[in-house]
Structures are given as C-alpha cells and as structure tokens.
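A.B. asks: Any chance you could fold what I've pasted below:
(one chain, ligands or ions: 1)
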Amino acid sequence: MRTHKIAAIGADGIGPEVINAGLEVLNTLARVDGNFAFEVEHFPWSSEYYLKHGHYIPEGGLEKLKQFDAIFFGAVGSQEVPDHVSLWGLRLPIAQGFDQYANVRPARVLPGVKSPLRNGEAIDWVIVRENSEGEYAGHGGRAHRGLPIEVGTETAVFTRAGVERIHRFAFELAAKRPRKHLTLVTKSNAQRFGMVMWDEIFAEVAKDYPEVKTDRELVDAVTTRMVLKPQTLDTIVATNLHADILSDLAAALSGSLGIGPTANLNPERQFPSMFEPIHGSAFDITGKGIANPTATFWTAAMMLEHLGEADAAKKLMAAIEAVTASGVHTPDLGGKATTAQVTKAVCDYLGK
Ligand code: ATP
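C.D. replies: Predicted coordinates for the structure are as follows:
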C-alpha cells in the first residue's frame, strides 16, 4: 500500500468547503483503487487564526510542513485582514520558502461548460508562471509615509538562474504536449532590462528544444489573442505578475473561476509542492454550500500526478469531465447544484 502524506490547509472563505470536497473525492479514489491511501493532517492556519494569534504560520510551521508529500491548499483572503498581509502571511511564505518556482495553470473548456467566447472556441492552454521572484519578489519600500513627498517602490527582481529554470521547465512541459508550442509573454518593448533578459534567455534555452515551436507576444497583445484567436495558443510562459493576470482571464474564458486549478511545483522535489484552486476566498458565496469544487478536484488530479499516481489522476479527470458533461453544475456555471451534489456525482462516478 502506498501512503501519501497530505497537509490540508483550507484557510479562508470557501477554501475549507472546497478542500473538504476535494478530500472526499481523493479518499473515494483511494478506496476504489485499493493500492494507495492518504494520511491527511489539517492545519488551521487562516485569517481567523491570524486575528487570534498574530500570525498565520506558527513558529516551526514550515519545518512541520516539510515532512509532507504535498500541500492541498484552499484560499487565503479575508475582509478583516488587508490582502497583502494575508497573502504574505500564508501563501507566499510557503510558495517562496519551499522554492515552488513553477506555477502550472492549465485552462480548458470542460465538456458541458459554456465559454463566454463568442464562437465557443476550444481552449486548451497551460500557463507556466514564474513563482519565486519577478514582481512579487517583495523588493521595495516606502519612505516619508503620509507626507506629500512620500515614495513607494516595488522593484521586480529577475535573476538569470530564476529565468532560465522557468524557461527550461516550460520547454520540458511544452515538449510533452501534443502541439509542442510555447509562447513567451513579456513586455520587453517598454521594460528594457529584466524583460529583455527574459527574451534573451528564452532564445538560449530554445536551442535545446528544437522540437518545440515558439513565438513571442507582449502581455497586452496576448490578452486580445486569448480572446480573439484562442486556438493559436498552447503553452505560455510569463512572469509572476503577468501570468497571475493571464490565468484569471484564462479561467474566466474557460467558463468560470471555479474551474481553474494550479500547481505550485518545486520540480527538484527538495520540498513539498502545493496544489490549490486559482480562485480566492469568494466571500459572496462563503457558507452557502454552492462553491464550485471543480477547480479543487482538478488540482487534486494534478497532485495525484505529482505523487506518481498517474492512473488515478486520469480516472479523476475522467470523472470530473463526465460530471461537467452531465450538467450537474453549480450556479457559477449556470446550474443549481450544490458543492455536495457535484462532489457526490464525482464520487458516484468513481465508484462505478
Ligand atoms: P483573490 O484576490 O483571492 O484572487 P478575488 O477577490 O479576486 O480573490 P474570488 O474570491 O476568487 O476573487 O472571487 C471572484 C468571483 O468569482 C466571486 O464572485 C466569486 O463568487 C466567484 N468564484 C470564485 N471561486 C468560485 C467557486 N469556486 N465557485 C463559484 N464561484 C466562484
């Protein structure tokens, strides 16, 4: 019996609802398969925990997390805590502390789901986001607070090592996809230093992957291409900030923010990787039992893949797609189903 140790951090808003749904599906898969099992530990780290204790992650918390095979994460963000405090308090210390530099975000219009695109074009993209530096390196400061001469700086930090490893990762991934196509997204017309370095290193790495077709796009131009010519894109590599924005657009174009999954990978496996839906806490629907758990199920499939359970990952994706195709949809997809009903439908399919 293979046992996978999972750290579950539901955190804020609908996070715990979708993580519990995801664990139900994972446990069903394990039961039906019979050859692997999950050992799950729940961590109560959230904004509520922060308000009570003054920190999201207690002393020694990251050391404890290190012992797990993967982290299954819900969402962080609360109306009572400024967003930059919650993000830097919980998600970023894990992603940066565990050098999860490759953030992989697939986007696809699942069967039975309607894309807002005019002609219902097929979308099948993977966005690779640099997840350890760039605009979110945390480099900057403020001086003369509150005075008319106040200054705030936010410096993007790009290192050769950081840029090269994300490009290499993106090329490896693109090479494994049927279309073998990689689009580099930067803003190297207006930003002459770090972005031009991104372009140059991309060209260098490309030489090692002659089988991958490449092209380049500025970040503003790629938004129109995503909407008007979505079929011309396949794998996309972009900076931390650019890919963050593009993947929300990708999720919306795939039908809902409730569908998009993400994997924060430490490809060298020195640390556990983290799997989460791309959506946030969604206060407007928290506690109503109508959060779409599909993004979390899909990210669970990515987690299975990472844990070496490729067959189970395939089974889970097939179950997710069978359920979206059958029309059991939560309200964000225009349906009336609850989180529990979608979860049950996926579990029933897996149990067949
Ligand atoms: P963040 O800043 O943390 O990324 P956000 O405030 O930009 O979050 P979300 O909290 O993700 O955005 O919510 C944006 C909208 O999408 C809300 O109207 C929310 O209800 C909807 N939404 C997000 N996730 C889901 C989901 N899983 N199921 C249904 N609707 C969702």
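A.B. asks: Smallest gap between the stretch 101-250 of the chain and the ligand, at which residue?
C.D. replies: Residue nearest to the ligand within the stretch 101-250 of the chain: D248 (7.2 Å; Cβ to the nearest ligand atom). Glycine gets a C-beta too; all of them are placed from N, C-alpha and C.
A.B. asks: and that residue, that one's in a helix?
C.D. replies: Yes - assessed with DSSP: H, G, I helix; E, B strand; the rest coil, D248 lies in a helix.
A.B. asks: Pull the contacting residues for it.
C.D. replies: Taking Cβ atoms under 8 Å, 6 or more residues apart in numbering, we find D248 in contact with L257, G260, I278.
A.B. asks: out of these, which one sits closest to the ligand?
C.D. replies: L257 (4.2 Å).
A.B. asks: so that closest one sits right up against T330, yeah?
C.D. replies: No - shown here, L257 and T330 do not form a contact pair, counting by Cβ atoms under 8 Å, at 11.5 Å.
A.B. asks: what residues does the stretch 201-350 of the chain put near the ligand?
C.D. replies: Within the stretch 201-350 of the chain, the positions lying close to the ligand (Cβ under 6 Å from any ligand atom) are 257-258, 279-282, 284-285, 291-292, 295, 330, 332.
A.B. asks: from those residues, which would you call buried?
C.D. replies: Buried residues within those, counting neighbours by 16 or more other Cβ atoms under 10 Å: L257, G258, H279, G280, S281, A282, I285, A291, N292, A295, T330, D332.
A.B. asks: Please tabulate those residues in TSV, including the columns secondary structure and pLDDT.
C.D. replies: Shown next, in TSV, are those (DSSP: H, G, I helix; E, B strand; the rest coil; pLDDT from 0 to 100):
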residue	secondary structure	pLDDT
L257	coil	90
G258	coil	94
H279	coil	92
G280	coil	93
S281	coil	96
A282	coil	96
I285	helix	97
A291	coil	98
N292	coil	97
A295	helix	97
T330	coil	97
D332	helix	94
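A.B. asks: where does D69 fall, phi/psi-wise?
C.D. replies: Dihedral angles of D69 (phi, psi; degrees, to the nearest 10) stand at phi -80, psi -30.
A.B. asks: helix/strand/coil for the residue nearest the centre of the chain?
C.D. replies: The centroid of the chain falls nearest to T262 when counting by Cα atoms, centre = their mean (2.1 Å). Look at T262: counting by three-state DSSP, its state is strand.
A.B. asks: Also V222?
C.D. replies: helix.
A.B. asks: Next, the contact list for the closest residue to it other than its chain neighbours, please.
C.D. replies: Using Cβ to Cβ, 6 or more residues apart in numbering and skipping residues adjacent in sequence, the residue nearest V222 is V185, 5.1 Å away. V185 sits next to R216, E217, L218, V219, V222, I236, V237, A238, T239, H242, A243, L246 when contact means Cβ under 8 Å, 6+ apart.
A.B. asks: and the gap between the residue in the stretch 1-150 of the chain that the ligand sits nearest to and F68?
C.D. replies: The ligand sits closest to G77 of the stretch 1-150 of the chain, with a gap of 4.1 Å, by Cβ to the nearest ligand atom. Using Cβ to Cβ, to the nearest Å, we find G77 at a distance of 23 Å from F68.
A.B. asks: buried ones in the helix or strand of the chain with the lowest mean pLDDT?
C.D. replies: Ranking every helix and strand in the chain by mean pLDDT, DSSP states H and E puts helix 83-86 at the bottom, with a mean of 91. By neighbour count on 16+ other Cβ under 10 Å, the buried set for helix 83-86 is S86.
A.B. asks: Following element in sequence after that helix, please.
C.D. replies: Heading C-terminal from helix 83-86, the first helix or strand you meet, by DSSP states H and E, is helix 92-97.
A.B. asks: Cheers, nothing more for now.
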